[in-house]
Structures are given as structure tokens and as C-alpha cells.
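J.: attaching a predicted model along with its sequence, questions to come.
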Amino acid sequence: MATIVAQQAINGIVLGSLYVLVALGLTLIYGVLVQINFAHADFVTLGAFSAYFFMHTLGGSYLASIGVALLVGAMLGWLIAIFAPLQRKGSELLPLIATIGVSVMLQNAMLAWFGPVPYAFETPYSAQVFRVAGTFFTLQSIIIIVVSTVTIALLYAFMKLTFLGKALRAVSQDRETAGLMGINPNQLVTLTFVLASALAGMGGAMLAPVLVLTPFAGASVIVKAFAIVIIGGFGNVEGTILAGLLVGLIESFTTQYLDPGLIDIVVFGLLLLMLALRPTGLVSEKREENV
């Protein structure tokens with residue numbers, strides 16, 4: 001019994017780490033701009049495909065493909081940042097509609113380029129299995145946990161300790177006042193999209209070997225990411241990390257003790273419960289502390 005619990009805890013942490021990477025991008029954008037980027041799911045998918053083709057077509061290593069996916073995501077974030085000025089035109093719906101349009105465009109472009117047939121993304125690390133005290137885990141799982149942990153730690157240090165990170169937090173608190181203090185909000189908006197999309201690309205590269213890779217692969221993950229952001233507290237980095245790990249553990253134990261078909265019911269049941277009992281999320285939203 002204890003071995004089963006430990007095994008599912010490991011599986012849940014691996015899955016939760018992936019969810020956190022994707023959800024953190026949504027959290028960053030909302031925390032700074034109070035916006036939602038619906039194209040985030042497609043950045044995850046494009047990150048996965050870029051890693052796949054880098055590895056299987058160009059013969060690159062899997063670890064290097066994660067870096068390639070990060071760069072592809074960052075480039076996509078820089079491109080979509082051209083929609084950021086729409087926020088200053090008096091309607092919050094304009095950037096929202098723009099990202100929906102980008103999402104539809106990217107999904108259809110990927111469907112035309114890659115086709116509807118799923119891709120099998122296999123890495124040499126998935127076959128390397130270790131056994132410790134009755135539990136099993138692959139080298140792929142270790143890579144996911146280590147890379148996710150290091151990435152989250154670096155992001156947290158960047159936001160709390162660097163000048164740019166503090167400037168981002170200032171813009172999230174009061175954009176106009178930050179501008180009066182010599183901070184260029186437009187540049188920081190672009191930086192926010194770049195960081196968020198880079199996380200999405202990296203998350204896609206590590207999710208691809210776990211999920212079936214199709215042009216719509218990111219859509220299945222982004223729904224969970226939205227739930228995680230809401231459960232954790234919209235725009236709150238710490239809350240997103242806690243909620244991501246919690247959802248990963250819930251999915252893992254639901255698969256073991258209930259039924260895999262009930263995963264979405266349990267996760268979104270938790271979401272509805274949080275909205276009813278604690279709408280501010282696990283970590284209460286405080287605009288001055290969000291990002």
C-alpha cells in the first residue's frame with residue numbers, strides 16, 4: 001500500500017511539474033496585463049513539434065530540443081506582443097479576440113503542415129527505468145522534475161531579485177506610475193509575453209513524450225492550466241505552483257483508486273468547489289504581490 005502511494009506521488013509530481021510550466025505562462029500574462037492569452041495552448045503545441053523535428057529530423061539530442069522549444073516559444077511570444085498595444089485602446093476584449101484569432105490560425109496552419117495523424121515522440125530516456133524501494137521511475141521523469149524545478153527557481157529568482165523582475169512587478173501594480181518612474185511598460189509587456197511563451201514552448205517539449213502529439217495537443221493541456229491558475233489564485237505565481245502540483249497528484253491518485261475517465265470530473269469538481277468556498281484561490285490575490 002505504501003509503495004503504491006509513493007509510486008503515484010512520484011507520477012503526480014512529474015505530471016504536476018509539467019502543468020506548472022504551462023500554467024505559469026498564463027499567470028505571468030494575467031499578473032502583469034490582466035489578460036488571457038488563448039494562443040498559449042498553440043505555443044505549447046509548436047514547442048512540442050519544434051522539439052520533435054529537431055530531434056527526429058535534424059538528429060539533435062532531446063535535452064537540446066528542450067532549449068530549441070524554449071527559443072521557439074520566446075520568438076512566438078515576441079511576435080504576439082504586437083497585439084499588446086490594443087490594451088490601450090479602451091477595450092479589454094480587443095487583445096482577447098486577437099489571441100483567439102491567432103490560436104485558430106495556428107491550429108489550422110499546424111493541421112495543414114503536420115496533418116491529423118498523431119506523432120510518436122520517443123526519447124532514449126523513457127526506456128531507462130530505475131527501481132528504488134519498490135517504486136519505478138524513468139530517467140525521463142527525472143529530467144522533467146529537474147528541468148521544471150530549475151526553471152521555476154530561476155523564474156522566481158528573476159522576478160524577486162533582478163531589476164527587470166522588480167520592474168515587471170511594478171508594472172503589474174500600477175502601469176502608469178511605473179511609467180512615470182522611468183520604466184518602459186511597453187518593453188516589459190513584450191518581455192512578459194516572451195517569458196510566458198518560452199515557458200509554454202519548454203512545457204510542450206517535455207509534454208510531447210507523455211502525450212499524443214497532434215496539432216491540437218496543447219488544447220487538452222491548456223484547459224487544465226486554466227483550472228490550475230484559478231485554483232491557485234489568478235495571477236499568483238506561488239499559488240500556481242501549489243495548484244499545479246496538487247492537480248498532478250489528484251490526477252495520479254484518481255487514476256489509481258478511481259478511474260482514469262473520472263480525472264476531469266475530479267479536477268473540475270475541485271475547481272467548482274474552490275470557486276464556491278474560496279474564489280480567491282489557494283493564495284489570495286494581491287495585486288501588489290502577484291508577480
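T.: Yes, it's here.
J.: would you mind writing the CA trace of stretch 173-184 as PDB?
T.: Extracted C-alpha coordinates of stretch 173-184, given in PDB (Å, rounded to 0.1, in the frame of the first residue of the first chain):
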ATOM      1  CA  GLN A 173       0.900  47.100  -9.600                       C
ATOM      2  CA  ASP A 174       0.400  50.400 -11.400                       C
ATOM      3  CA  ARG A 175       1.400  50.700 -15.000                       C
ATOM      4  CA  GLU A 176       1.000  54.500 -15.200                       C
ATOM      5  CA  THR A 177       3.000  55.200 -12.100                       C
ATOM      6  CA  ALA A 178       5.700  52.700 -13.200                       C
ATOM      7  CA  GLY A 179       6.000  54.700 -16.500                       C
ATOM      8  CA  LEU A 180       6.400  58.000 -14.500                       C
ATOM      9  CA  MET A 181       9.300  56.400 -12.600                       C
ATOM     10  CA  GLY A 182      11.200  55.800 -15.800                       C
ATOM     11  CA  ILE A 183      10.100  52.200 -16.600                       C
ATOM     12  CA  ASN A 184       9.100  51.500 -20.100                       C
END
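J.: now do it, average pLDDT.
T.: Average pLDDT, stretch 173-184: 75.
J.: show me what the helix or strand bottoming out on mean pLDDT in the chain is packed against.
T.: The helix or strand of the chain with the lowest confidence, counting by mean pLDDT, DSSP states H and E, is helix 175-180 at a mean of 73. Counting contacts by 3 or more C-beta pairs under 8 Å, 6 or more residues apart in numbering; DSSP states H and E, helix 175-180 packs against helix 163-173, helix 185-207. (Glycine included, C-beta is placed from N, CA and C.)
J.: stretch 260-273: how far from the chain's middle?
T.: How far stretch 260-273 lies from its chain's middle: 19 Å, per C-alpha atoms, centre = their mean, to the nearest Å.
J.: who's in contact with it?
T.: Residues from elsewhere that reach stretch 260-273, judged by C-beta atoms under 8 Å, 6 or more residues apart in numbering: Lys224, Ala227, Ile230, Ile231, Val247, Ile250, Glu251, Thr254, Thr255, Leu258.
J.: doesn't Ser252 make contact with Asn11?
T.: Yes: checked against C-beta atoms under 8 Å, the pair Asn11 and Ser252 is within contact range at 4.4 Å.
J.: where are the low-confidence patches of this protein?
T.: 1, 83-92, 284-291 (pLDDT under 70).
J.: can you give me the helices in it?
T.: 2-33, 40-56, 62-80, 93-114, 139-161, 163-173, 175-180, 185-207, 217-232, 237-257, 263-277 (DSSP state H).
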